[in-house]
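A.B. asks: Next come a sequence and a model predicted from it.
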Number of protein chains: 2
Amino acid sequence: MVKLTGIPDTGNPRIVIVGGGFAGLKLAKSLSKAAVQVVLIDKNNYHTFQPLLYQVATSGLNGASIAYPFRKFFEGQQNFFFRLTEVISLDAGRQLLNTTIGEIAYHYLVIATGAETNFFGNALMQKNAIALKSINDAVMLRNTILCNLENALQARDEAQLNLLMDFVIVGGGPTGVELAGALSELRKHVFPKDYKELNIKQMDINLIQSGDQLLKGMSAEASEKSLEFLKNYGVKVWLNRRVKSYDGETVLLDSGEELKAHTLIWTAGVVGAPIKGLKEESIFKGNRIRVNEYNLVEAYDNVFAIGDVACMISPEYPEGHPMVAQPAIQQGKLLSKNLTRLLNGEKPEAFKYHDQGSMATIGRNHAVADLKMFNREFKTQGFLAWLIWMFIHLISIISFKNRLIVLLNWISGYFSYDKGIRLILGRKKE
Amino acid sequence: MVKLTGIPDTGNPRIVIVGGGFAGLKLAKSLSKAAVQVVLIDKNNYHTFQPLLYQVATSGLNGASIAYPFRKFFEGQQNFFFRLTEVISLDAGRQLLNTTIGEIAYHYLVIATGAETNFFGNALMQKNAIALKSINDAVMLRNTILCNLENALQARDEAQLNLLMDFVIVGGGPTGVELAGALSELRKHVFPKDYKELNIKQMDINLIQSGDQLLKGMSAEASEKSLEFLKNYGVKVWLNRRVKSYDGETVLLDSGEELKAHTLIWTAGVVGAPIKGLKEESIFKGNRIRVNEYNLVEAYDNVFAIGDVACMISPEYPEGHPMVAQPAIQQGKLLSKNLTRLLNGEKPEAFKYHDQGSMATIGRNHAVADLKMFNREFKTQGFLAWLIWMFIHLISIISFKNRLIVLLNWISGYFSYDKGIRLILGRKKE
């Protein structure tokens, strides 16, 4: 093995995992008993529980309660090593990664780098819109929302007031829908008390969706009900519209209509975020890495990809699996078994996705859920779905303490109709 | 009254309070029933519970649990108005403040701007040292400590390793002592597990104090015991030394000795942070504002100063009151009464400081406390002092939920010997 920056050679085969999202985390943990060296690298020193980012952005939770330090999570796992770094490029010929801290050699490489926001090549959109993929994004969005209202108190005229108080969310998937719901709650219960000098009724929340239904991919019932819930909250839902351009003020739709807002939140799609240096033929539609049924990157024999960045095509999933947590976790788990099998000269097992359904929440007491359990489908919308949503998310959060803190925030928020983390933190000097 | 940016004229006398620390917060709240308009301005939208900043810096608490949004705190107080802004200068002639959002007129002005770190004019020190006065400071210090250890894994040589792993804290007051204790706990209980590839015994924690005792101003017992506790933790305490220079690597002491560290935390003093535009004669030693026994700034008849920034000289306190929370809270409370008296044409009451004592904690199970209650003095060091310290700090935190979250973190930290918030958040791109 090539001599490396800092990482000791334990004598065991080294598996380097790039990215500690749901897939990488599950894989690294599942390998805890294996006779391998596990090296996880990530640009953050913590795992992010992405499904609750929208609650950080809307003052319901603080960032720390949905983050968990890798070193703490893997405490006691003797074969585990972590490095805080980013990959520059892959050098598959020499079996190593060029990273910001030097070269890292591998016997097996697992790319679990997830997805990034897809601005469809629109540079102006990328510059002016806000994305929501990380804790820093969420805190910045929270700062933006709160600063907008603080600044609205000094608005010169009605036009500037509306630019500050109106919000445009692009994308009617779970993130867009959940964000619109949470913003409506702030508008209904929190902002009228915080900003009694403003007429909060002037605040418009616009949700723009390209297709004719919200939550594409979920059941018709879920789509319809989520639209109904949002309309009841006073969210202006614009179906069958795409954003043509946004200059930081004017949102031009392909229908010719215009909206005005200083804040546009872009949740309208993601693309894979593969590392550089992979063979061109490995990169598939949506910038995802084409893998076979064992998550092996085609054209390599020791490079794997799992989670959002991996595209495994099957008759059932001709475009690959949905880019959500469940396929990532299941692939991470299976790959840990298959790597052990591989090392023992055994035959690996092909991946089969067990879809457990999906859900989205829309403000207090409302959610939609399409569940698949014991080979049965179960659809529900409203209060029961909301309870299920909370339960599933709560048990998915790492660590008892974080779970308790999130629960505490939810309970206190529920009964007080309040969102307590209204902090403008780490704001740049203007 | 001069027409103003955004802030409505309620017809009542307007009291403008600059700064929402302990003093300003108490004053604004105590005026809740008064027939006045209270305008609080602050550069943050939240109050910071400064005594626990050191726990944020050492991964024990997250920033949000010691911050509280002003608008939430004053919810329902009809005479309260908040503006997120900074003062540019005072124009006492026109009875208004020039701020970043425009002019704000006042009938009465209360300066409660607190203190800032005193680098004694050493520009190089200011550039290279880390201060600890805000939540952002604390998060940046936490990032620095954790990044140092992550980078130590890639150290080129022993010299670089020591630069990254060694820490120098300047100042043996409560902040310096508490920080040294908390860092020692990380070194003893957390880092050996997190960084098993490093020899954590190599990590030196140095505490430099100019005088011959720690916690100057507390009792001899407290000073001696705190020194003993820190030495038991393996902190290298350097008494009777001053820092002559620091270039980011070499700490040169006035004794001629040298220490090497990439991280120097400066807690060696504060000065008042008055606003600009005050008459020169009002600024006293330590950049504090000279006030009379009613907290009135001498040479003005409607400008007051309270808290750390105010210097009220009396035979008992020839240099003004200590720059800690208690005088600030007591002055805020009394000034609210005196302003009401003033408006009613009554005689104001002179301020008298009721010293309730002081304390500092040094790692788990250890604290020192000099308490003054019912005209009696009560000194204790060790476990009991530590319990008292926790109790007093816990009840001082705003809001039941924050108290519960801090308590939860303390309990979980106590039994697990862990500090869970080891997150490198908002780190700048290198």
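C.D. replies: Cool, got the structure.
A.B. asks: Do stretch A:106-123 and chain B come into contact?
C.D. replies: No: judged by Cβ under 8 Å from any Cβ of the partner chain, stretch A:106-123 stays clear of chain B, getting no closer than 15.6 Å. Quick note: C-beta positions are derived from backbone N, CA and C, even for glycine.
A.B. asks: Which phi and psi values does A:S89 adopt?
C.D. replies: Torsion angles at A:S89 (phi, psi; degrees, to the nearest 10) stand at phi -160, psi 160.
A.B. asks: Once you drop chain neighbours, what's closest to it?
C.D. replies: The spatially closest residue to A:S89, leaving aside those adjacent along the chain, is A:G277, at 3.8 Å (Cβ to Cβ, 6 or more residues apart in numbering or on different chains).
A.B. asks: hang on, isn't the one you found packed against A:L96?
C.D. replies: No: in this structure, A:G277 is not within contact of A:L96 by Cβ atoms under 8 Å, at 10.4 Å.
A.B. asks: neighbour count winner among the two?
C.D. replies: Applying other Cβ atoms under 10 Å in any protein chain shown to A:G277 and A:L96 shows that A:L96 carries more neighbours, namely 20 against 14.
A.B. asks: And the residue nearest to A:S89, how far from A:L90?
C.D. replies: 3 Å (Cβ to Cβ, to the nearest Å).
A.B. asks: Mutual contacts of the two, please.
C.D. replies: Taking Cβ atoms under 8 Å, 6 or more residues apart in numbering or on different chains as the criterion, A:G277 and A:L90 both touch A:N98.
A.B. asks: Spit out the contact partners of the closest residue to chain B within the stretch 151-300 of chain A.
C.D. replies: Here the stretch 151-300 of chain A gets closest to chain B at one residue, A:D194, 4.1 Å apart by Cβ to the nearest Cβ. Going by Cβ under 8 Å, 6+ apart, A:D194 touches A:149, A:422, B:69, B:71-72, B:75.
A.B. asks: And the residues you listed, which of them are buried?
C.D. replies: Buried members of those, scored by 16 or more other Cβ atoms under 10 Å in any protein chain shown, are A:149, A:422, B:69, B:71-72.
A.B. asks: ok, of those, which one's closest to B:K236?
C.D. replies: B:P69 (40.6 Å; Cβ to Cβ).
A.B. asks: need the residues of the stretch 201-350 of chain A near chain B, please.
C.D. replies: Checking the stretch 201-350 of chain A against chain B by Cβ under 8 Å from any Cβ, there are no hits.
A.B. asks: Distance check, the nearest residue to A:H262 once chain neighbours are set aside against A:D157.
C.D. replies: Leaving out its chain neighbours, the residue that sits closest to A:H262 by Cβ to Cβ, 6+ apart is A:L163, at 4.7 Å. As judged by Cβ to Cβ, A:L163 and A:D157 stand 10 Å apart.
A.B. asks: ok, these two, which is more surrounded?
C.D. replies: A side-by-side neighbour count of A:L163 and A:D157, using other Cβ under 10 Å, places A:L163 first with 20 against 8.
A.B. asks: got the contact list for A:A268?
C.D. replies: Residues near A:A268 by Cβ under 8 Å, 6+ apart: A:118, A:170-171, A:173, A:176, A:208, A:210, A:243.
A.B. asks: Could you do A:A138 as well?
C.D. replies: A:53-54, A:56-57, A:63, A:132.
A.B. asks: Which one of these is nearest to B:G217?
C.D. replies: B:G217 lies nearest to A:G63 out of the contacts of A:A138, by Cβ to Cβ, at 37.1 Å.
A.B. asks: Can you tell me which helix or strand of chain A has the lowest average pLDDT?
C.D. replies: helix A:400-416 (a mean of 88; mean pLDDT, DSSP states H and E).
A.B. asks: How about residues contacting that one?
C.D. replies: Contacts for helix A:400-416 (Cβ under 8 Å, 6+ apart): A:52, A:60-61, A:65-66, A:68, A:364, A:390, A:394-395, A:397, A:418-421, B:401, B:404-405, B:408-409, B:412, B:420.
A.B. asks: Kindly give a single ChimeraX line that selects the buried subset of these.
C.D. replies: Written as a ChimeraX command, the selection of buried residues from those, which uses 16+ other Cβ under 10 Å, is:
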select /A:52,60,61,65,66,68,364,390,397,418,419,420,421 /B:401,404,405,409,412,420
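A.B. asks: and the contacts of helix A:400-416, which of them are in helices?
C.D. replies: A:390, A:394-395, B:401, B:404-405, B:408-409, B:412 (DSSP state H).
A.B. asks: Make TSV from these and add distance to A:S32 to it.
C.D. replies: Putting those into TSV (distance: Cβ to Cβ, whole Å) gives the following:
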residue	distance to A:S32
A:M390	30
A:L394	24
A:I395	21
B:K401	36
B:L404	33
B:I405	31
B:L408	28
B:N409	27
B:S412	23
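A.B. asks: Show me which of these is closest to A:L124.
C.D. replies: A:M390 (38.5 Å).
A.B. asks: Pull the contacting residues for that closest one.
C.D. replies: When contacts are counted by Cβ under 8 Å, 6+ apart, A:M390 touches A:361, A:410.
A.B. asks: Next: the one 5 residues further on.
C.D. replies: Applying Cβ under 8 Å, 6+ apart, we find A:I395 in contact with A:R403.
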